[in-house]
Every structure is written in C-alpha cells, then in structure tokens.
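Novice: starting from these lines, generate the structure:
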Amino acid sequence: MHTSTLLISQNFEYWQSGENGFTCVDFETFCPDYHELDRTGVISPHLEDGILHTGYALLALTTAFYDIWRARTDDFFIYPQHFALLDITRGGVNTGCGRLPLEENTLGSPWGNLDVWPDSKWIPAHGSVSGMLKKAFDLQINRLFWPETFRPNREEKSLPAYAVQMLRTHLKAVYYYNTSGPNIEIHAAQNVQDLLLTSLDRLSDIDGLSIRHSLQRHVLENPQTDYCYVEQYRKVDLDHFLNDMADCFENA
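Specialist: Have a look, this model is predicted:
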C-alpha cells in the first residue's frame with residue numbers, strides 16, 4: 001500500500017468561497033455524498049495537466065477512501081477507482097512539449113505515485129473534448145476533474161443525445177481546474193506536497209518534458225498556516241457543465 005501509510009485526513013483542509021471570502025469547510029462540503037465506490041476521473045489533455053492541478057484532490061479523495069478501509073481492518077490491499085484520461089495515440093502521449101513516445105510504465109509512474117494505479121487506470125482517450133467526455137461517459141465517472149478552458153467546438157458532436165441524461169445520472173460533482181474563478185480550495189500539509197513533488201520529479205525525468213514553469217505557477221504558499229500549499233477549483237453544477245459541453249452531443 002502506498003499513501004494509506006503516509007497520509008491522514010488531518011493533512012488536508014477545505015475552503016469554500018462565500019460572501020466574506022473563503023472559509024474553512026468540511027470534507028462533505030468539498031465532496032458531497034462521497035462513497036468508497038465512487039469513480040473519479042481526471043481529464044488530462046497533456047500528461048502533466050492533471051498532476052500539476054489536481055494532485056491534492058486525488059490524494060484527499062484517496063485518503064477518504066483509505067479512512068473507510070482503516071475503520072474496517074488493518075489488513076487490506078485495494079486502490080480507489082481513480083482514472084487518468086490521457087490523450088494517447090500510436091505516436092505517443094500528448095504533453096505540453098508535444099507528443100512523446102513513452103512506454104506505459106514511464107507515462108503512468110507519476111500517476112501511480114498518487115495511487116492512480118494499476119495501469120488499467122491510465123486510460124487512452126481521443127484528445128478532442130468530445131473524445132474525453134465520451135471516455136468519461138463509458139467509464140461511468142461519478143466525480144470529474146476537467147480543465148476549465150478545455151471546451152468543444154461546433155464540429156465535435158459525437159455523443160448521442162441520451163448521453164446527457166445518463167451523465168446527469170452518473171455524475172455527482174464536476175470540478176474545473178486551472179481556473180480563473182475558483183470557489184473551492186484544498187490546503188495541504190507538507191507531507192502531501194512531498195508526495196506531489198515525487199510525481200513532479202518523475203515527470204521531470206521524462207526526456208523532452210519540462211514542467212518547471214508550470215510548477216512555479218501551481219504552488220501557492222501561505223506561511224501563516226501549517227497547510228501552506230493550495231490547490232484551487234471551480235465547482236460547477238451538472239447543468240452548468242453539460243451546457244458547457246453541449247456541442248459534444250447530437251441534436252443539442
């Protein structure tokens with residue numbers, strides 16, 4: 001087992017925006033109706049996107065998953081149903097530095113370090129918006145992390161109209177990441193950041209991939225608290241998200 005021996009729920013704080021700015025809230029507010037069988041999907045058009053911008057969320061959800069198992073037994077070997085949806089073709093995996101021909105273990109290692117494992121959780125998908133959404137639909141994802149600026153065009157209609165209602169049924173929550181208008185935050189302790197840095201180091205070890213500039217934009221420090229690392233999202237309701245994705249659906 002990996003993070004189950006390293007992290008506890010007290011390593012995270014959750015903050016939500018309101019009339020008086022951001023205030024501390026509980027895990028249930030961040031992740032309502034959580035269940036250990038929830039299927040979480042991270043849409044990562046570039047290999048590094050999801051790790052740079054959703055690493056704390058993945059670790060927080062994973063810790064909640066292990067909390068349930070730790071309450072039952074101290075002898076278990078299981079991983080949460082977390083999936084990285086990646087733009088992978090015969091030419092390789094798409095990255096911010098172009099498409100790189102990487103072996104599966106190399107491209108998956110940074111994700112596996114966040115307990116997105118085994119390799120069946122690293123999902124190849126068509127790199128278009130509709131292709132990624134179709135894969136999330138096929139996997140019956142319950143909680144979806146999606147890059148805010150990743151939007152369809154009018155030429156992308158490829159999902160049947162009935163998929164709208166089925167997505168509305170399956171999806172519990174949608175979080176836009178790398179957002180310009182955050183309404184919820186995760187504040188993480190140093191040991192959470194250390195785990196994320198290991199994944200970033202593994203990305204940096206990939207020949208041809210440079211993430212240093214992205215990392216500088218990602219880490220926000222607040223020296224007034226032990227939870228000195230912050231990850232931001234814009235949580236949206238399902239109708240809002242499905243309206244944003246309307247051009248992916250036939251007859252929409």
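Novice: which stretches in the stretch 151-252 of the chain count as helices?
Specialist: 162-170, 190-204, 212-218, 238-244 (DSSP state H, counting those that start in this stretch).
Novice: what about the strands in this structure?
Specialist: With DSSP state E as the criterion, the chain has strands at 12-18, 21-25, 39-44, 81-89, 92-95, 98-100, 122-125, 143-147, 173-177, 184-188, 229-236.
Novice: which one of those lies nearest to residue 61?
Specialist: Among the strands of the chain, the nearest to residue 61 by Cβ to Cβ is strand 39-44 (5.8 Å). For glycine as for every other residue, the C-beta is placed from the backbone atoms N, C-alpha and C.
Novice: could you give the angle of that closest one to strand 143-147?
Specialist: 10 degrees (axes from the mean of the first three to the mean of the last three Cα atoms, to 10 degrees).
Novice: what's the neighbour count on the closest residue to residue 173 other than its chain neighbours?
Specialist: Of all residues not flanking residue 173 in the chain, residue 143 sits nearest, at 5.0 Å (Cβ to Cβ, 6 or more residues apart in numbering). By other Cβ atoms under 10 Å, the residues close to residue 143 number 22.
Novice: beta partners of residue 143?
Specialist: residue 40, residue 173 (DSSP bridges).
Novice: redo the strands of the chain as JSON lines? Include mean pLDDT and distance to residue 32.
Specialist: Compiled in JSON lines, the strands of the chain are given as follows (pLDDT from 0 to 100; distance: least, Cβ to Cβ, whole Å):
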{"stretch": "strand 12-18", "mean pLDDT": "96", "distance to residue 32": "11"}
{"stretch": "strand 21-25", "mean pLDDT": "94", "distance to residue 32": "11"}
{"stretch": "strand 39-44", "mean pLDDT": "98", "distance to residue 32": "14"}
{"stretch": "strand 81-89", "mean pLDDT": "98", "distance to residue 32": "18"}
{"stretch": "strand 92-95", "mean pLDDT": "96", "distance to residue 32": "32"}
{"stretch": "strand 98-100", "mean pLDDT": "94", "distance to residue 32": "38"}
{"stretch": "strand 122-125", "mean pLDDT": "98", "distance to residue 32": "25"}
{"stretch": "strand 143-147", "mean pLDDT": "98", "distance to residue 32": "10"}
{"stretch": "strand 173-177", "mean pLDDT": "98", "distance to residue 32": "7"}
{"stretch": "strand 184-188", "mean pLDDT": "95", "distance to residue 32": "11"}
{"stretch": "strand 229-236", "mean pLDDT": "96", "distance to residue 32": "10"}
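Novice: about what we covered before: comparing the helices of the stretch 151-252 of the chain by mean pLDDT, which bottoms out?
Specialist: Within those, confidence is poorest for helix 212-218, with a mean of 48 (mean pLDDT).
Novice: how about the contacts made by residue 8?
Specialist: Residues in contact with residue 8, defined by Cβ atoms under 8 Å, 6 or more residues apart in numbering, are 63, 67.
Novice: how much space separates it from residue 195?
Specialist: Distance, residue 8 to residue 195, using Cβ to Cβ, to the nearest Å: 13 Å.
Novice: cool, residue 229 as well?
Specialist: From residue 229 across to residue 195, the span is 11 Å (Cβ to Cβ).
Novice: if we can go back for a sec, unless I'm mixing things up, the residue nearest to residue 173 is touching residue 38, no?
Specialist: Yes. At 5.7 Å, residue 143 counts as touching residue 38 under the criterion of Cβ atoms under 8 Å.
Novice: now list whatever residues contact both of the two.
Specialist: Overlap of the contact sets of residue 143 and residue 38 (by Cβ under 8 Å, 6+ apart) consists of 61, 172.
Novice: hmm, back to that, residue 102: which of the helices of the stretch 151-252 of the chain is closest?
Specialist: When the helices of the stretch 151-252 of the chain are compared by Cβ to Cβ, helix 190-204 sits nearest residue 102, at 10.9 Å.
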